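Asker: quick one: sequence plus predicted model below, questions after.
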There are 2 protein chains.
Amino acid sequence: MKRVSIKDVAEAAGVSTATVSYVINARPDQTISPETSARVLKAVRELNYIPNSAASSLKSKKTNLIGLVIPQTEPGKEFMFSNPFYGDLLSSIEYSARREGYHILLSAPDNGQSYITIARNRGVDGIIIVGAYPNEWLDELHSLSIPVVLIDTYVKDPVYHTVGIDDRLGGRMATEYLLSRGHRDIAFLSGQIEEHGVVHKRFQGYKDALESAGLPVRDEYLYTGSISFEYAEQAAREMVAKGCRETAVFATADVMGVGLIGGLHNLGVRVPDDISVIGFDDGILAKMCNPRLTTIHQDIAEKGVTAIRFIMDSISGATDKQEKILPLSVVERQSVRRI
Amino acid sequence: MKRVSIKDVAEAAGVSTATVSYVINARPDQTISPETSARVLKAVRELNYIPNSAASSLKSKKTNLIGLVIPQTEPGKEFMFSNPFYGDLLSSIEYSARREGYHILLSAPDNGQSYITIARNRGVDGIIIVGAYPNEWLDELHSLSIPVVLIDTYVKDPVYHTVGIDDRLGGRMATEYLLSRGHRDIAFLSGQIEEHGVVHKRFQGYKDALESAGLPVRDEYLYTGSISFEYAEQAAREMVAKGCRETAVFATADVMGVGLIGGLHNLGVRVPDDISVIGFDDGILAKMCNPRLTTIHQDIAEKGVTAIRFIMDSISGATDKQEKILPLSVVERQSVRRI
DNA sequence: CTATTGACATTAAACGTTTAAGTTGATAGA
DNA sequence: TCTATCAACTTAAACGTTTAATGTCAATAG
């Protein structure tokens, strides 16, 4: 049982392999008569021919593959997609790519090297990197001259397409919302605050809001561990152990907001009665907890759609660097109380 | 700036391309002197050579790619990964594959054709299909003679490796747990019940338990829509609209259990005081809702690990068809009350 | 009646690897 | 001394496409 190749098709249709190739790829610059075309297509169908993409990309240097790189922000923590934020993003990217005839090559590298490798070795036609802190590998990517889209990544001088949100504004919005509800003692719950990271920006927004309101930024109100349900639960324990002086918490991700609510609930602290919580993302989780999470809404799906669009534009010749900052809004639910 | 090829490396090291290839692939059947090997490796490093995988797989017929197919159970519903179950599974698969030097090619096809295409066209070295109902394409896959693992899939005569759980038993366990807590009016909340599908098996288990207890299976206690938070919310509305005669609900997925709890809560029905809920999966969501969800635990990560192991075994020559049924257990939390 | 054009199709050379088969020179066994 | 074996490489033919360059023929223009 031999693989059927373009040669077999050519033979069956009584044409050259070149003609078959032109028909299959429907090349507009080539003139093929309708009859020949039909004959070829018939042969393709009858022989059940499917082109070999390795051969095709070897010659054409196109793989119809888009690399999606979701670095492990926390080494050793392999289960990044447990956070539904990434699931939603992935879904959206996969879906958009598929409509354009591209497949997604997934990579959650534990070290930077692997994404440069994936790009060069696999020859992806484009690459989407989410949440990478600026690092040396990012520069090296440039030499590959393939379209690169950075999602939720801050770099000093972006040479690549970027899509994201104004995280600093988001942090400010969340905090100001809490302030507007009368809160003065507002904690900040997040993963590690890394220079240029998303969390850092949201923290700046948090500080902006407090400063504008003439309030101090208190170290004892800062809970920065990891972006996970578990850490948020732990933070809840710390909070009550310290006497719980805060009346509200800005959690920089819904997972954390939900974890906090759960943790507090276990300790007999009621949300929003005893303490208010605002989240960030407005993904599936925000609606799932009880009380439902008041949060900063961002359009996760749109991030993916935009990223793929930027890549497609580049592939089809657009040369200018594109940038998209998606809007944010406060979604009021039940986890914040006016005091 | 030309791509550096194996030829350049060969030249730099003063050897033939064959030698370079042998060194790079560390082939145990070839004898290369340590000196030559070192010289080649040095050239590789200096030239920053990365092999072209298209060329490599064209010749060797290996792609180091594993296709992961997660069919859209509900057409048009593109966001499969929003259900954290899939996120967890994906994480585990990606992680296990990467350790073996494989990458994941993702596909969430809207029609069956695409996964046979992905397998043939892209020439993946193995394919993992999750939750596919038996269909014609599955048979066609067989002709490709690559390892196939079916996760959570029931087929009459499995020619492929399978990994899953005993869904019927799971359904029975859940229902019996509720029975043991004194419940007699137990509703069944799920997605569509399709012949041979996972949900169908769980439904059988549900019926088994009721019948063993001498209780009838009531049509009005059946809520079968789609596996989504939204549908579960809607089911909650239907339930109360009908007067809420049931005292407990078996939700066949945590997402649905959580959605139900949320929906009921919005309507002033308390869980577990007014109605008890048991879920299925014990993923991240179960711990996130309030009250925390009593549920049937399954080891999602282990499913992925096992699937990759089966593929690796096949690739390295194992010929026997492997099968793994992972254990289940009841995790007691707060969503079920004794009556 | 020849030259030009255009439509339609073919030829053949890549693309960058892998690998079966061969070469070479040295060592060992008979 | 002659053959066999072996380590250490090399040669060169694939693998299955794509695509620039070219060819053929009929229709049209000059």
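Answerer: Done, it's in. Nothing here was measured: the structure is a model prediction, and the numbers come from that model.

Asker: hang on, A:Thr63 packs against A:Gly126?
Answerer: No - A:Thr63 lies out of contact with A:Gly126 (C-beta atoms under 8 Å); the separation is 9.7 Å. Any C-beta I mention is one placed from the backbone N, CA and C, and that applies to glycine too.

Asker: keeping just the C-alphas, turn the helix-or-strand element of chain A with minimal mean pLDDT into CSV.
Answerer: The weakest-scoring helix or strand in chain A, judged by mean pLDDT, DSSP states H and E, is helix A:113-121 (a mean of 71). Below are the C-alpha coordinates for helix A:113-121, written out as CSV (Å, rounded to 0.1, in the frame of the first residue of the first chain):
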residue,chain,number,x,y,z
GLN,A,113,15.4,28.5,23.6
SER,A,114,12.5,26.3,22.6
TYR,A,115,10.5,29.0,21.0
ILE,A,116,13.2,30.2,18.8
THR,A,117,13.8,26.6,17.9
ILE,A,118,10.1,25.9,17.1
ALA,A,119,10.1,28.9,14.8
ARG,A,120,13.3,28.0,12.9
ASN,A,121,13.2,24.2,13.0
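
Asker: what are the pairing partners of the helix or strand following it, and which direction each?
Answerer: Note on helix A:113-121: by DSSP states H and E, the next helix or strand toward the C-terminus is strand A:126-130. Strand pairing for strand A:126-130, using DSSP bridges, gives strand A:65-69 (parallel), strand A:148-151 (parallel).

Asker: save those strands as TSV, and put in mean pLDDT too.
Answerer: Listed next are those as TSV, based on pLDDT from 0 to 100:
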stretch	mean pLDDT
strand A:65-69	93
strand A:148-151	94
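
Asker: make JSON lines from those and add distance to B:Ile151 to it.
Answerer: Listed next are those as JSON lines, based on distance: least, C-beta to C-beta, whole Å:
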{"stretch": "strand A:65-69", "distance to B:Ile151": "21"}
{"stretch": "strand A:148-151", "distance to B:Ile151": "29"}
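
Asker: of all the ones you listed, which lies closest to B:Ile50?
Answerer: strand A:65-69 (13.9 Å; C-beta to C-beta).

Asker: interface residues of chain A facing DNA strand C?
Answerer: A:14-19, A:22, A:30-33, A:35-37, A:55, A:58-59 (C-beta under 7 Å from any atom of the strand).

Asker: again, 10 Å this time
Answerer: A:6, A:10, A:13-23, A:29-37, A:39-40, A:54-61, A:120-121, A:123 (C-beta under 10 Å from any atom of the strand).

Asker: mark which of these are buried, thanks.
Answerer: A:6, A:10, A:13, A:15, A:19-23, A:32, A:36-37, A:39-40, A:54-58, A:120-121, A:123 (16 or more other C-beta atoms under 10 Å in any protein chain shown).

Asker: now, which of those residues lie within strands?
Answerer: Here DSSP state E is the test, and these give no hits in strands at all.

Asker: so which of the residues you listed are in helices?
Answerer: Within those, residues falling in helices by DSSP state H are A:6, A:10, A:13, A:19-23, A:36-37, A:39-40, A:54-58, A:120-121.

Asker: keep only the residues you listed that also lie close to DNA strand D.
Answerer: Among these, the residues that sit close to DNA strand D (C-beta under 10 Å from any atom of the strand) are A:Ile6, A:Ala10, A:Thr19, A:Val20, A:Ser21, A:Tyr22, A:Val23, A:Ala54, A:Ala55, A:Ser56, A:Ser57, A:Leu58.

Asker: verify the stated contact: the first one with A:Pro51.
Answerer: Think A:Ile6. Yes - in this structure, A:Ile6 is within contact of A:Pro51 by C-beta under 8 Å, at 6.9 Å.

Asker: what touches both of those two?
Answerer: Overlap of the contact sets of A:Ile6 and A:Pro51 (by C-beta atoms under 8 Å, 6 or more residues apart in numbering or on different chains) consists of A:Ile24.

Asker: hmm, back to that, show me the one of the strands paired with strand A:126-130 that comes nearest DNA strand D.
Answerer: Proximity to DNA strand D (C-beta to the nearest atom of the strand) singles out strand A:65-69 among the strands paired with strand A:126-130, at 14.6 Å.

Asker: and the next element down the chain from the closest one?
Answerer: Next helix or strand after strand A:65-69 toward the C-terminus (DSSP H and E): helix A:84-99.

Asker: the helix or strand just after that next one near DNA strand D at all?
Answerer: Going down the chain from helix A:84-99, the next helix or strand is strand A:103-107, by DSSP H and E. No - contact of strand A:103-107 with DNA strand D (C-beta under 10 Å from any atom of the strand) is absent, the minimum separation being 15.8 Å.

Asker: what is strand A:103-107 packed up against?
Answerer: strand A:65-69, helix A:84-99, helix A:113-121, helix B:84-99, strand B:103-107 (3 or more C-beta pairs under 8 Å, 6 or more residues apart in numbering or on different chains; DSSP states H and E).
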